[in-house]
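# When you get a sec, could you give me coordinates for this:
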Amino acid sequence: MNFKTGDKVVVISGKDKGKEGKITKTLRAENKVIVEGINVIKKHVKPNGQAQGSIVEMEAPIHASNVMIIDPKTKKATRIGHEIDKKGKKIRVTKKSNSNLD
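Coordinates of the predicted model:
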């Protein structure tokens, strides 16, 4: 998966298509990401000894194939590529403007 926490992404399919947000968590084993304000669900929480039961709104994971990163220069959705810099380190670059993401 090419996404990291803090990347700004746009949703390209599903009920939240076209919305933008920042990645708050990546779930690499499941190939999913959690984006703030996207795929909001209502979860019913049972009461326990200290807290009362309630209905909580939270963001559910969305598959990584349903989001695209936003290019910092063009402000449009783009794919992610990889290049080797002068120090020999692998870096992420955008395909549209070839700008560095790391």
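
# in which helix or strand would I find the most centrally placed residue in the chain?
Nearest residue to the geometric centre of the chain (Cα atoms, centre = their mean): Ile23, 3.6 Å. Assignment of secondary structure by DSSP states H and E places Ile23 within strand 20-27.

# neighbouring strands for that strand, and are they parallel or not?
strand 8-11 (antiparallel), strand 32-35 (antiparallel) (DSSP bridges).

# Please work out the average pLDDT along the first one.
Taken as a whole, strand 8-11 carries a mean pLDDT of 97.

# in it, what counts as buried?
Within strand 8-11, the residues scored as buried using 16 or more other Cβ atoms under 10 Å are 9-11. Every C-beta, even on glycine, is put in place using the N, C-alpha and C of the backbone.

# Also stretch 88-102?
Neighbour-count burial for stretch 88-102, counted by 16+ other Cβ under 10 Å, picks out 92-94, 101.

# Which members of these are the farthest-apart pair?
Arg92 and Thr94 (8.0 Å; Cβ to Cβ).
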